[in-house]
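K.L.:
Sequence and computational prediction follow.
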Amino acid sequence: MQPSTVIHKALTIAGSDSGGGAGIQADLKTFQELGVYGMSAITAITAQNTLGVQAVYPMEAGAVAEQLRSLGDDLPPDAVKTGMLAHASIITAVAEQMAHYRFPHLVIDPVMIAKGGTSLLQREALSALVKELIPLSFMITPNVPEAEELTGMSITSLSDREEAALRLHQMGSDYVMLKGGHDPSTRDLVVDMLYDGTTFRYWEHRRIDTRHTHGTGCTFSAAITAGLAQGMTAYEAVDLAKAFIHAAIEHSFEIGAGQGPTNHFAYRLYHAD
């Protein structure tokens, strides 16, 4: 990729993954691969590997706010994504700084549970996410279990997902990107759905049989954020992110004894333009 005279900047507000497959590390890799200058505000330190999350050490809300003030005063981003936010106080701090600096194109990846089952969002923080942060967002990117938690409804079909998207849009997000990887009703296909308040749009890809999917949600939302930072529309950014994550899963790394990470090099190395 040729260097551009315009440097597009993207910010990730998320937890650090010591294993490198998710969180801050996955986001920054994705930004770099897609030609965007990446910045970060760390919300938690996790000790984790492909076998699971061994420990979580949340940051103080004031430390998160101070990181955002430093960036807002000197390096305002063109798009922002959130990942693991952990506590209600951190969500409040992020919402306050987002509103103060009016950072554009907030993409919320509502990280709640790690693939190994560890909770990454306290129960009382869910209310803060709905009331304080989602109304500021450009797009929210839940998977099916996360959408169930946010809406309080059971999702077992595509029509259920459409209803969940309607409810999530009513919470204040401009776009709802409801991912289909956890929906067994679509069988051998993964059907992702974007709702803009008026129209549903669908993306279909064959389901890839692999356990190495650690960090897919982080990577997907980071790719959307990278596209938005470069001035793409919501639909163009999702097109880019779908191609990026499909390549990353299809060519995933077989490292570690558990659920390995996706391949952040794959889009550049294997995706034909």
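P.N.:
That came through, no problem. Numbers count the residues shown, from 1 in each chain.
K.L.:
and Asp192, that's in a helix?
P.N.:
No - in this structure, Asp192 is strand, not part of a helix, as judged by DSSP: H, G, I helix; E, B strand; the rest coil.
K.L.:
was I right about it contacting Val176?
P.N.:
No - Asp192 is beyond contact range of Val176, at 11.0 Å (criterion: C-beta atoms under 8 Å). Quick note: C-beta positions are derived from backbone N, CA and C, even for glycine.
K.L.:
Looking at the two, which is more packed in?
P.N.:
Higher neighbour count among Asp192 and Val176: Val176, with 28 against 24, using other C-beta atoms under 10 Å.
K.L.:
For Asp209, grab the count of nearby residues.
P.N.:
When neighbours are counted by other C-beta under 10 Å, Asp209 comes out with 6.
K.L.:
Let me fix that, I meant to ask about Ser252.
P.N.:
Number of residues near Ser252 (other C-beta under 10 Å) recorded here: 23.
K.L.:
ok, now which ones touch the residue lying closest to it once chain neighbours are set aside?
P.N.:
Counting by C-beta to C-beta, 6 or more residues apart in numbering, Ser252 lies nearest to His212, which is 3.8 Å off, once chain neighbours are set aside. Residues in contact with His212 (C-beta atoms under 8 Å, 6 or more residues apart in numbering) are Ile249, Ser252, Phe253, Glu254, Gln259, Gly260, Pro261, Thr262.
K.L.:
cutoff 7 Å now
P.N.:
Ser252, Phe253, Glu254, Gln259, Gly260, Pro261, Thr262 (C-beta atoms under 7 Å, 6 or more residues apart in numbering).
K.L.:
next SSE after the longest strand along the chain?
P.N.:
Criterion DSSP state E: the longest strand present in the chain is strand 37-49. Moving toward the C-terminus from strand 37-49, the next helix or strand (DSSP states H and E) is strand 52-58.
K.L.:
Below-threshold pLDDT in the protein: ranges please.
P.N.:
Scanning the chain for pLDDT under 70 picks out 1-4, 113-122, 181-187, 272-273.
K.L.:
This completes my enquiry, with thanks.
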